[in-house]
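Enquirer: Coordinates for the following, if possible.
(chains A and B)
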2 protein chains.
Amino acid sequence: MSTSIYDRDLPKTPANYQPLTPLSFLARAGAVYRDHTAIIHGRQRITYSEFYARARRLASALGKAGIKRGETVSALLANTPAMLEAHYGVPMAGAVLNTLNTRLDAAIIAFSLEHAETRLVLVDTEFSGLMKEALALLKGKKPIVIDYVDSEFVPDGARLGAIDYESFISGGDPDFAWVMPEDEWDAISLNYTSGTTGNPKGVVCHHRGAYLIAQGNVLTQQMQRHPVYLWTLPMFHCNGWGYPWSMSVMGGTHVTLRAVRAKAIWQALAEHKVTHLCGAPIVMATILNAPEDEKTKLPHAVEFTTAAAPPPEVVLARMAEAGFNVTHVYGLTETYGPAVVNDWDSAWDALAPEARAAKKARQGVNYIPLEALTVMDPETMTRVPADGETLGEVMFRGNIVMKGYLKNKQASEDAFKGGWFHSGDLAVLHPDGYVQLKDRSKDIIISGGENISSIEVEEVLYKHPAVQAAAVVAKADEKWGESPCAFIEIKPGASVTADEMLDWCRKGLARYKVPKHVVFAELPKTSTGKIQKFKLREMAKNV
Amino acid sequence: MSTSIYDRDLPKTPANYQPLTPLSFLARAGAVYRDHTAIIHGRQRITYSEFYARARRLASALGKAGIKRGETVSALLANTPAMLEAHYGVPMAGAVLNTLNTRLDAAIIAFSLEHAETRLVLVDTEFSGLMKEALALLKGKKPIVIDYVDSEFVPDGARLGAIDYESFISGGDPDFAWVMPEDEWDAISLNYTSGTTGNPKGVVCHHRGAYLIAQGNVLTQQMQRHPVYLWTLPMFHCNGWGYPWSMSVMGGTHVTLRAVRAKAIWQALAEHKVTHLCGAPIVMATILNAPEDEKTKLPHAVEFTTAAAPPPEVVLARMAEAGFNVTHVYGLTETYGPAVVNDWDSAWDALAPEARAAKKARQGVNYIPLEALTVMDPETMTRVPADGETLGEVMFRGNIVMKGYLKNKQASEDAFKGGWFHSGDLAVLHPDGYVQLKDRSKDIIISGGENISSIEVEEVLYKHPAVQAAAVVAKADEKWGESPCAFIEIKPGASVTADEMLDWCRKGLARYKVPKHVVFAELPKTSTGKIQKFKLREMAKNV
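Expert: Coordinates of the predicted model:
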């Protein structure tokens, strides 16, 4: 290449090369859509010019408070305007945003603050008690604390810091000349995974990836100009899958909700003409199970993007009836949230409901900004046959894969072994190239030398009309090594016996996959609605 | 930054960093939308899996023919499947695609081939004569010639090379393991500007910019999945503004037309349910002036993107009536085509037609992938006031600005002086930040020390009911230095005198801006429909 005429005298200059960063989207929206509503929060309305000015005030104030490039600013915030402003203002100061899960305990919050070397933390006064406890656990220098008082919703929160958020940013310059990242590879955010064992790992994302996932969401959701996005997904979860940045691309309106409550969701859908929202299956359940008098007729089709578990047939049908179009996506904190999409072929619309649900249950294909997605044998790093049967590990490659784990060289190297990100999720590759998850590596049950996919067993359980939720884990077994143990939540008013469930399983599963034990219990879930299998594994020991 | 924790042990790896290239879009579309129609050409239908396979065949065949990374492959092709395949297959071989304007003369084609050091050229047999003449003019080694025979439309073209396109690519491997660019800054295409004086300049574009403009088109045109794009814009013009790559993002269908003819356009609109097309105002005129029996009722609103001149009020009204929504964009070959968009505020829909046309006439704001757009005094490099009056030069900055001019270091440095790309176009900045072109620097008329915008005078002329087309240029004037000279094309059947035109101008213009001379004549136009002011300046000398 060095002799090519195209390599001569054609260098990068500021005119033709600028770092990719989602901050540019807000700069553009602040200029082009200046009077359009950017944020609706209760009775508050913030236009794009105000949003941009407030983000710059925050960046400027952070600089005045001594925050420097490449330092961490943490946020223990609900879905509020301050949380959106932090997604721009913190990186506009050159700093890195670390959002904290508000449902974690003080010890993990303290671990995160210490590991991230947080210099300043924004705290919603609803969570003052939690943060106070966490700060007390810190051994080193304490971060600066800024209290965010969401007075419309949290009138009497206790103050922890010397200054509240509004006073803090009012000391910042609304015309602050924020700086572009020095390099698009610079970190923009840090998200701790809610590890089930050991300490959480700090997933570092960069400006380039954030720019690409933001546009990827818009392209995948086929957003028109000025979408209206309802925040039912917590922004502390993978930076809200990039949607805080996506909305600025198209001059969209954020409708922020502090909590996922059916009444507030239905009210917002109707009042603000919401076009898009995202959430785990629990959000769909909340929407559908609302009392009839809280529901409204939707003014137009609403796009609902879901992840974490395949949407069951009955839920899809009820969502469609209620006016929602459901898209199924899949990803990890390490892939900026959604990196795989069930790209829907309109030919599948003609299928019978069950077959349609089976198509929808597949996780799908690479998101537009993801270079490649595949399923491989992690030992040989060869692709599994596209036969819909052979299990392998889901592997990702591309610009929406994290920079790596903070201060954890070994974990980063392990994750990227062989030039692919190893997800730890087991899946098959269908003949049409769609990926379907079968299990987390650690959730697979190995019984008599045979692999049993817990998801496959769960799918059969879910089809039983009395089952509300189900999870299957491995239980140590003297004879088989491991055996499947099923935990089942029954629908209110329904009843079923363990024997009936086992009969049901025998009809739908190979003999060796049928659970040896059935337990009826409420399933333990994480703050984001995921079933905590590690707790079930503990419970299984005592069955 | 070197002390930041985020700079430690978080290197780029193949897992988390891949060059941005539009070639990835076809790889994805070829897998995800494999059976969807990618190209419709006459009776031919090519699916995405076939399109991807044919592009890989081409890349493979080029490699076998000895084409190496960073070498030039030229194409003298109409809007055909081969031209689309070249947009992928040539860069998949690591080579650079140089499309040639089929309406140029042999001397300029020969200059381009020589300057680009073209190693291989694809020639549509319709243009064999032109290429033969050009090849005869070459002093050095002649390129390999591959004939493209579009037998459905051009049955008897003469062959120039030893092999035709279909035979050539049939020798290539449909599963060819094409390589990603070594760097996203690598060149992907070379487009010669049709310079009005001196030799053409070779504009070099790179993979990164092509990726971003391709997505920028989709975002700006708010394309849904599977758009249908009608090719009325020549692909040799700025790589068809990036649309050969845009369609792969959303699995869209290309409908290729060899020539812009009203009947074929209306037929395609109806038969293939076209959703999008682009073109200069001449294409709108062709569509609107078709005989009534060739027009059809459109099945849905069609998005028409226009550039080169602001769409006049009457054209907008007639286009709306015919079922088209017109978007006005602006850009240069140096900015990959469209880099500025008249981002339409729906509040303007309520304006009276004239005021609405005035809003639509403004070129607008930066395209989503363009980092920044402004109007500056080129001497001081300070922004002009946003008063809608002060003239300055339009300046661009961002990742959709060219790499530079090939083998022309001085021109590149001049173009990028001060960290901005100098467009040579004069404009004002409106209070709402929208840019409006007033003239090319060289088209401005300086009369008695006052700047006269030829566009402003032309706007007044265009409003006269008898005027079909108008252009105003400077004519040397003993007293004033220069004076405006108007050239006017009259509508068929209409009539008007020079005195009547001058009276008309006096009502709408400051005295010093009124043309000193009015000439009725057919206006000379370039192959892409632009009026050739340099020819009019010659003609003005003899007035």
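Enquirer: rest of the way, CA atoms for contacts and neighbours
Expert: Fine.
Enquirer: Go through the lengthiest helix in chain A and flag the buried ones.
Expert: Counting residues, the longest helix found in chain A (DSSP state H) is helix A:48-64. Neighbour-count burial for helix A:48-64, counted by 16 or more other C-alpha atoms under 10 Å in any protein chain shown, picks out A:48-63.
Enquirer: and stretch A:376-387, C-alpha only, in CSV?
Expert: Backbone C-alpha positions of stretch A:376-387 (Å, rounded to 0.1, in the frame of the first residue of the first chain) are rendered in CSV as follows:
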residue,chain,number,x,y,z
MET,A,376,-18.6,-20.8,17.4
ASP,A,377,-17.1,-23.7,19.3
PRO,A,378,-15.0,-21.6,21.7
GLU,A,379,-12.2,-24.2,21.8
THR,A,380,-11.6,-24.5,18.0
MET,A,381,-13.0,-21.0,17.1
THR,A,382,-14.8,-22.6,14.2
ARG,A,383,-18.4,-21.7,13.3
VAL,A,384,-21.1,-24.3,14.2
PRO,A,385,-23.1,-25.7,11.3
ALA,A,386,-26.2,-23.6,10.6
ASP,A,387,-28.5,-26.5,11.5
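Enquirer: Name the residues of it that are buried.
Expert: Applying 16+ other C-alpha under 10 Å to stretch A:376-387 flags A:376-378, A:381, A:383-386 as buried.
Enquirer: and if you look at stretch A:153-166?
Expert: A:157-161, A:164-165.
Enquirer: now stretch A:263-270
Expert: Neighbour count says stretch A:263-270 has A:263, A:265-266, A:268-269 buried, by 16+ other C-alpha under 10 Å.
Enquirer: possible to save those as a markdown table with secondary structure and distance to residue B:205?
Expert: Below are those laid out as a markdown table (DSSP: H, G, I helix; E, B strand; the rest coil; distance: C-alpha to C-alpha, whole Å):
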| residue | secondary structure | distance to residue B:205 |
| --- | --- | --- |
| A:263 | helix | 53 |
| A:265 | helix | 47 |
| A:266 | helix | 49 |
| A:268 | helix | 46 |
| A:269 | helix | 44 |
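Enquirer: Closest to residue B:111 out of the residues you listed?
Expert: residue A:269 (61.6 Å; C-alpha to C-alpha).
Enquirer: Please name whichever of the buried residues of stretch A:376-387 scores lowest on pLDDT.
Expert: Taken together, the buried residues of stretch A:376-387 show their lowest pLDDT at residue A:378, with 91.
Enquirer: Tell me who's in contact with that residue.
Expert: Listed by C-alpha atoms under 8 Å, 6 or more residues apart in numbering or on different chains, the contact partners of residue A:378 are A:392-393, A:422.
Enquirer: Secondary structure class of the closest residue to residue A:382 other than its chain neighbours, three-state.
Expert: Spatial nearest neighbour of residue A:382, chain neighbours left out: residue A:376 (5.3 Å); criterion: C-alpha to C-alpha, 6 or more residues apart in numbering or on different chains. Under the three-state scheme (DSSP: H, G, I helix; E, B strand; the rest coil), residue A:376 adopts strand.
Enquirer: where's residue A:376 relative to residue A:385, distance?
Expert: Using C-alpha to C-alpha, to the nearest Å, residue A:376 is found at 9 Å from residue A:385.
Enquirer: got it, and residue A:413?
Expert: 27 Å.
Enquirer: go on, residue A:488?
Expert: 34 Å.
Enquirer: For chain B, what is the nearest residue in the stretch 251-400 of chain A?
Expert: For the stretch 251-400 of chain A, the residue closest to chain B is residue A:397, as judged by C-alpha to the nearest C-alpha, at 4.5 Å.
Enquirer: Without its sequence neighbours, what residue ends up closest to that residue?
Expert: Leaving aside its chain neighbours, residue A:397 sits nearest to residue B:15 (4.5 Å; criterion: C-alpha to C-alpha, 6+ apart).
Enquirer: how close does the one you found sit to residue A:335?
Expert: From residue B:15 to residue A:335 the distance is 11 Å (C-alpha to C-alpha).
Enquirer: Next, show the common contact partners of the two.
Expert: Shared contacts of residue B:15 and residue A:335, defined by C-alpha under 8 Å, 6+ apart, comprise residue A:401.
Enquirer: Next, the buried residues of the worst-scoring helix or strand of chain A on mean pLDDT.
Expert: Ranking every helix and strand in chain A by mean pLDDT, DSSP states H and E puts strand A:450-452 at the bottom, with a mean of 77. Neighbour counts over strand A:450-452 (16+ other C-alpha under 10 Å) mark residue A:452 as buried.
Enquirer: repeat for stretch A:474-494
Expert: Going by 16+ other C-alpha under 10 Å, stretch A:474-494 has these buried residues: A:474-476, A:482-490.
Enquirer: Contact partners for the closest residue to residue A:416 other than its chain neighbours?
Expert: Spatial nearest neighbour of residue A:416, excluding adjacent residues (C-alpha to C-alpha, 6+ apart): residue B:15 at 5.9 Å. By C-alpha under 8 Å, 6+ apart, the residues touching residue B:15 are A:396-398, A:401, A:416, A:419-421.
Enquirer: Check what pLDDT the closest residue to residue A:222 other than its chain neighbours gets.
Expert: In this structure, residue A:222 finds its nearest non-sequential neighbour in residue B:224, 5.4 Å apart by C-alpha to C-alpha, 6+ apart. On pLDDT, residue B:224 comes in at 94.
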